[in-house]
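In: I would like the atomic coordinates for the input below:
(chains A and B)
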Amino acid sequence: MTHGGSGGLVVDAEVRRGSFTLEVSLAAAPGQVLGLLGPNGAGKSTLLSAVAGLTPVSAGRITLASTVFDDAEQGTFVEASGRPIGFVFQNYRLFPHMSVAENVAFSPRARGQGKQAARSAASYWVDRLRLTDLADRKPGQLSGGQAQRVALARALAGQPSLLLLDEPLSALDAGTRLDVQAELKRHLSDFAGPCLLVTHDPLEALVLADQMVVLEGGRIVQEGTPALIARQPGTDYVAKLVGLNLYAGRADDDTVALAEGGTFVIPDHGQHGDVFVAVRPSAIVVSTQPPLPSSARNTWQAKISGLTLLADRVRLDLDGQPPALVDVTPAAVAELSLDPGSQVWLTVKATDLEVYPHNGAQAS
Amino acid sequence: MVMRSLRPAGPSRLTARERARRAARGGASRSVPAPLLVPALIAILFLLLPLAGLLIRAPWGRLGAALSGTDATQALTLSLWTATVSTAISLVIGVPLAWVLARSSFPGQRLLRALVTLPLVLPPVVGGVALLLAFSRTGIVGRYLDSWFGLTIPFTPLAVVMAETFVAMPFLIITVEGAFRSADQGFEEAAATLGAKRLTVFRRITLPMVAPSLGAGAVLCWARALGEFGATITFAGSFPGQTETMPIAVYYALENDPDAAIALSLVLLVVSVAVLVSLRDQWLRGSPA
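Out: Numbering: from 1, shown residues only, chains lettered A, B, ... in the order given. The predicted structure follows:
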């Protein structure tokens, strides 16, 4: 498993919450943004909660640099208030009875600075996050993007050594999200300590995270750079998020026998054993007649089971061996009269197939 | 058996005004069936007639004279300050207890909550007797207070404060406990991650967030203390200027000077209405904040 350098966060722990068990081993180096991606109930928030000290671990330990936060065997536990963390919650949890400036001054004050020092620390962060004009407002009078900046300022004002962000952009509408994301990116790159970023948006992860961990059912199912995970997803969940067709199968030189039925011809790189095959929905060609012989090596028959209009294209849901999602233009749908129930032929070039080994991760 | 034919009710009259109302707000008939209307009217009469009687019988022309013939000022002053001190004491010791009941867990907690709120349903005179048994010169605590400090509590203004606190504090406790229980603990978690210890969280987050309920509980507590009669007269007696509060003054005035009793009652009625007005946002709109 991964190992953190000095000053980094190392989590090697099990957290039990009712019948749910989270079992993870991960590390985040100083200055690194580690993205945690996974479906609801995967344990992302539980992990943040354990690192923050809001939930104790049931086994194992959590350390930051040389400080032990939590060690179930030793019985060591640092309360949340004693950990040098900044936590940006999903819905921000700004204190409704305090002004923006008071919210931001809360942490310096709580961590022992005098009123005056806390106020000037707060005003530095208020200015830094362009909140100067809003300093006297109450959280109820802020827009979503403004509230997000206040939450970040409040977390950073306490001079944390570790930053925890729980879906920091999920409460924003699509319009403001990109702006806030760009700004968040800047502040995260200025932050010297490790940062854990929970998200279920692969695009957000691509932009903000340096390394990714995919969690499902309380376990880590894939690790790697965001780009690698987006290109070679290890689970159906991630494949769906990034919009790829994902097939598990067994490679044998230039063919892959797919678990769901069917065979793909692939470029021969001498691969053997369990592999994943990822295919972009736009790489697959749809024909209403059996296609003539061509250089494309993979052709199979399928039946349209559904059509969804996306922004500029139509996504076809196809039953066949294997099933597939295919993107075509609305004009193609009209000219070929593609309806649910239509029989079609699918074609994909071997070179458009991304084949990579299984790595022990499972496509559920 | 003769089957009666089932027939829908025939047409009835609908006034133009009622048509307009139903068209604007929607909904079916708003008329109240007689079996509900009659008891409801009786209840209204029962509640309002005595108050109307008080207003009708009031010696409006000689109100000042009627009041000056009594120790009204003295009694009112005593009532106001004892009720205020009781409320202050209740805030200082009752709010922490409400927090303990709402937020911590220990064996016997449910039993403790039941016991603490017992004075809500206990006849106040029983409370007075209990206080007397505990704090009188021969009482289980009072005997030591007397022999060690020379402190005698019964039949002093201190006894008035204690009787009122005993009866009124549970009103504050249950109001505030409910607020502590339902307050969003996410904010407290956020405060903890920002470095705030438990007491700081309580002082700067929890308390300000339950402030509306705290205010409502305090007003309710104060009003209950102001009206306290049974426990006070049992434990503190009725010495004019010392322990004779307004309700007790009213009770005694009724025997010798009914006009004065009415005038004193009017004063308490005015205070009560003022309390109700100050609470209207909290209580009269259904659920408290």
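In: where does the prediction get shaky in the stretch 151-289 of chain B?
Out: Low-confidence segments of the stretch 151-289 of chain B (pLDDT under 70): B:281-289.
In: check contacts around A:Thr55.
Out: Residues near A:Thr55 by C-beta atoms under 8 Å, 6 or more residues apart in numbering or on different chains: A:Val15, A:Arg17, A:Thr46, A:Ser49. Quick note: C-beta positions are derived from backbone N, CA and C, even for glycine.
In: so which bits of chain B are right by chain A?
Out: Counting by C-beta under 8 Å from any C-beta of the partner chain, the residues of chain B close to chain A are B:186-187, B:189-198, B:200, B:204-205, B:208-209, B:211.
In: mark which of those residues are buried, thanks.
Out: Burial by neighbour count, judged by 16 or more other C-beta atoms under 10 Å in any protein chain shown, picks out B:187, B:189-196, B:200, B:204-205, B:209 from the residues of chain B next to chain A.
In: among these, which two are most distant?
Out: Greatest spatial distance in these: B:Gly195 and B:Met209, 18.7 Å, computed using C-beta to C-beta.
In: any chance of the contacts of A:Thr55 in JSON lines with neighbour count and distance to chain B as columns?
Out: Converted to JSON lines, the contacts of A:Thr55 look like this (neighbours: other C-beta atoms under 10 Å in any protein chain shown; distance: C-beta to the nearest C-beta, whole Å):
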{"residue": "A:Val15", "neighbour count": "26", "distance to chain B": "16"}
{"residue": "A:Arg17", "neighbour count": "14", "distance to chain B": "15"}
{"residue": "A:Thr46", "neighbour count": "21", "distance to chain B": "13"}
{"residue": "A:Ser49", "neighbour count": "22", "distance to chain B": "9"}
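In: pLDDT check: weakest of those?
Out: Lowest pLDDT of the contacts of A:Thr55: A:Arg17, 88.
In: bridging residues for that one?
Out: A:Phe20 (DSSP bridges).
In: for the residue nearest to A:Glu23 when sequence neighbours are not counted, give its distance to A:Gln211.
Out: Spatial nearest neighbour of A:Glu23, chain neighbours left out: A:Glu14 (4.8 Å); criterion: C-beta to C-beta, 6 or more residues apart in numbering or on different chains. Between A:Glu14 and A:Gln211 the computed distance is 22 Å (C-beta to C-beta, to the nearest Å).
In: which residues in the stretch 151-289 of chain B form helices?
Out: In the stretch 151-289 of chain B, the helices defined using DSSP state H, counting those that start in this stretch lie at B:157-182, B:186-193, B:198-201, B:207-209, B:211-226, B:230-235, B:246-256, B:258-283.
In: give me the distance from the first one to the chain's centre.
Out: Relative to the mean C-alpha coordinate of its chain, helix B:157-182 is positioned 10 Å out (C-alpha atoms, centre = their mean, to the nearest Å).
In: in that helix, what counts as buried?
Out: Quick answer for helix B:157-182 (16+ other C-beta under 10 Å): B:157-180.
In: from the contact counts, what lies against it?
Out: Packing partners of helix B:157-182 (3 or more C-beta pairs under 8 Å, 6 or more residues apart in numbering or on different chains; DSSP states H and E): helix B:72-89, helix B:95-103, helix B:109-116, helix B:124-135, helix B:211-226, helix B:230-235.
In: what parts of chain A come near chain B?
Out: So chain A meets chain B at A:52-54, A:79-83, A:85-87, A:89, A:91, A:93, A:95-97, A:106-107, A:110-111, A:154-155, A:158, A:164 (C-beta under 8 Å from any C-beta).
In: among those residues, name the ones in helices.
Out: Cross-referencing those against helices under DSSP state H gives A:Ala52, A:Phe106, A:Ser107, A:Ala110, A:Arg154, A:Ala155.
In: from these, which two are the most distant?
Out: Pairwise distances across those (C-beta to C-beta) peak at 15.9 Å, for the pair A:Ala52 and A:Phe106.
In: quick one, domains of chain A?
Out: The record, using automatic domain parsing to delimit domains, assigns chain A the ranges A:9-237, A:243-357.
In: give me whichever of these is most buried.
Out: domain A:9-237 (a mean of 19; mean count of other C-beta atoms under 10 Å in any protein chain shown).
In: quick one: end-to-end distance for that one.
Out: With C-alpha to C-alpha, to the nearest Å applied, domain A:9-237 spans 27 Å between its terminal residues.
In: from the chain's centre, how far out does that domain sit?
Out: 13 Å.
In: repeat for stretch A:270-285
Out: Averaging C-alpha positions (C-alpha atoms, centre = their mean) puts stretch A:270-285 22 Å from its chain's average.
In: equivalent analysis for stretch A:243-259, please.
Out: Offset of stretch A:243-259 from its chain centre (C-alpha atoms, centre = their mean): 25 Å.
In: stretch B:241-260 too?
Out: Using C-alpha atoms, centre = their mean, the offset of stretch B:241-260 from its chain centre is 21 Å.
In: re the thing from before, let me have the helices and strands packed on helix B:157-182 in TSV, adding distance to A:Thr288 as columns.
Out: Shown next, in TSV, are those (distance: least, C-beta to C-beta, whole Å):
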stretch	distance to A:Thr288
helix B:72-89	84
helix B:95-103	68
helix B:109-116	72
helix B:124-135	90
helix B:211-226	68
helix B:230-235	92
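In: tell me the most buried of these?
Out: Ranked by mean neighbour count, the helices and strands packed on helix B:157-182 are led by helix B:230-235 with a mean of 25 (mean count of other C-beta under 10 Å).
In: give me the helices and strands touching that helix, please.
Out: Here helix B:230-235 touches helix B:124-135, helix B:157-182, helix B:246-256, going by 3+ C-beta pairs under 8 Å, 6+ apart.
In: can you tell me what sits against it?
Out: With C-beta under 8 Å, 6+ apart as the test, helix B:230-235 has contacts from B:123-125, B:127-129, B:131-132, B:135, B:154, B:159-160, B:162-164, B:166-167, B:243, B:245, B:247-248.
In: same question, stretch B:241-255
Out: Contacts to stretch B:241-255, defined as C-beta under 8 Å, 6+ apart, come from residues B:70-72, B:74-76, B:78-79, B:82, B:155-157, B:159-160, B:226-229, B:232-233, B:236-238, B:240, B:260-261, B:264-265, B:267-268.
In: got the phi and psi for A:Val314?
Out: phi -110, psi 130 (degrees, to the nearest 10).
In: could you check how far the closest residue to it other than its chain neighbours is from chain B?
Out: Excluding the flanking residues, the one nearest A:Val314 by C-beta to C-beta, 6+ apart is A:Val333, at 5.0 Å. According to C-beta to the nearest C-beta, to the nearest Å, A:Val333 and chain B sit 45 Å apart.
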